[in-house]
Each structure stands twice: as structure tokens, then as C-alpha cells.
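Enquirer: kindly generate the corresponding structure for this input.
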Amino acid sequence: QVQLVESGGGLVQAGGSLRLSCVASGLSFSNFGMGWFRQAPGKEREFVAANSWTGSTSYRDSVKGRFTISMDNAENMVYLQMNSLKFEDTAVYYCAARRGSVVLWNPDSYDYWGQGTQVTVSS
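Expert: Predicted coordinates for the structure are as follows:
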């Protein structure tokens, strides 16, 4: 049974940093691509970043240069390092997994989801 559990969210001032973590059980990173999504109140869930075991990565334009996704294959962990946070980064952040090595932006392409962790950036 695949399970994804996020942690690391919280309240931070604009310009600050947070590192989100996602522990993945029941799957192997050699068969799955991992992604981070976020959803702000009243908005649709949107892609943030994704990575795969092939080393391919992708970021939405608004987070490029500020966010970094990484994977620890030994620990089955996925991280999202978020620097220079902005008010508009406030959202619930979700970890997601999809079978295959292709990095995709569409949330419907992902098979498993975590429960989410709240990130609040104060201006």
C-alpha cells in the first residue's frame, strides 16, 4: 500500500525559507516520478515541481530559482526546499507520486497523494 506523508509546513515571513519533506512508503523511486503541488483557498491545485529517478526535473515558472526538489532514494524521501518565499506561495502543499519516469504537470496524471501540509507566508 502506497502512503505519502508530508511535513515541514508552517508560518514564515516573506523572504524566509522552509523545507518540506515527504516520506514515501510502498513504492520504489525507480518506478515512480514524484511531484509537489499546491492549492490556495478558492484556487485549483497547481503544479509546483517534479522529479524522477532519471534525474529529470521541472518547475513552474514562478518558483524557478527559489524552489528545489530533491530525492533521497535510500530513505524514500522527497524534499522541496523553498527559499525567498512570497505571500503568493501561501497554500497547502501536496506530495504526489505517479508510475513512470516522465515528469508531468497535470495532477490527474498522479496516482497517489499525501494529506498536505500548510505553508503560510506573511507579508
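Enquirer: tell me the contacts of the residue nearest the centre of the chain?
Expert: In the chain, the residue lying closest to the centroid (CA atoms, centre = their mean) is residue 36, at 2.1 Å. Contacts for residue 36 (CB atoms under 8 Å, 6 or more residues apart in numbering) come out as 20, 22, 48-50, 69, 78, 80, 93-96. (C-beta placed from N, C-alpha, C; glycine too.)
Enquirer: and stretch 95-109, end to end?
Expert: Terminal residues of stretch 95-109 are spaced 13 Å apart (CA to CA, to the nearest Å).
Enquirer: who's in contact with it?
Expert: With contact meaning CB under 8 Å, 6+ apart, stretch 95-109 is reached by 2, 4-6, 20, 22, 24, 27, 31-37, 45, 47, 50-54, 56-58, 60, 78, 110-114.
Enquirer: hey, where'd the strands end up in the protein?
Expert: With strands called from DSSP state E, the chain shows them at 3-7, 10-13, 18-25, 32-39, 46-51, 57-59, 67-72, 77-82, 91-99, 112-113, 117-122.
Enquirer: make TSV out of those and add mean pLDDT and distance to residue 106.
Expert: Formatted as TSV, these follow (pLDDT from 0 to 100; distance: least, CB to CB, whole Å):
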stretch	mean pLDDT	distance to residue 106
strand 3-7	98	18
strand 10-13	98	28
strand 18-25	97	19
strand 32-39	96	10
strand 46-51	96	8
strand 57-59	95	12
strand 67-72	96	17
strand 77-82	97	18
strand 91-99	97	10
strand 112-113	98	13
strand 117-122	98	22
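Enquirer: pick the most deeply packed of those strands.
Expert: Among the strands of the chain, strand 32-39 has the highest mean neighbour count (mean count of other CB atoms under 10 Å), at a mean of 24.
Enquirer: partner strands of it and their direction?
Expert: strand 46-51 (antiparallel), strand 91-99 (antiparallel) (DSSP bridges).
Enquirer: now the shortest one and strand 77-82, what's the angle there?
Expert: By that I understand strand 46-51. Using axes from the mean of the first three to the mean of the last three CA atoms, to 10 degrees, one finds that strand 46-51 and strand 77-82 are set 120 degrees apart in direction.
Enquirer: and the angle for strand 46-51 with strand 67-72?
Expert: Put simply, strand 46-51 runs at 40 degrees to strand 67-72, going by the same axes, to 10 degrees.
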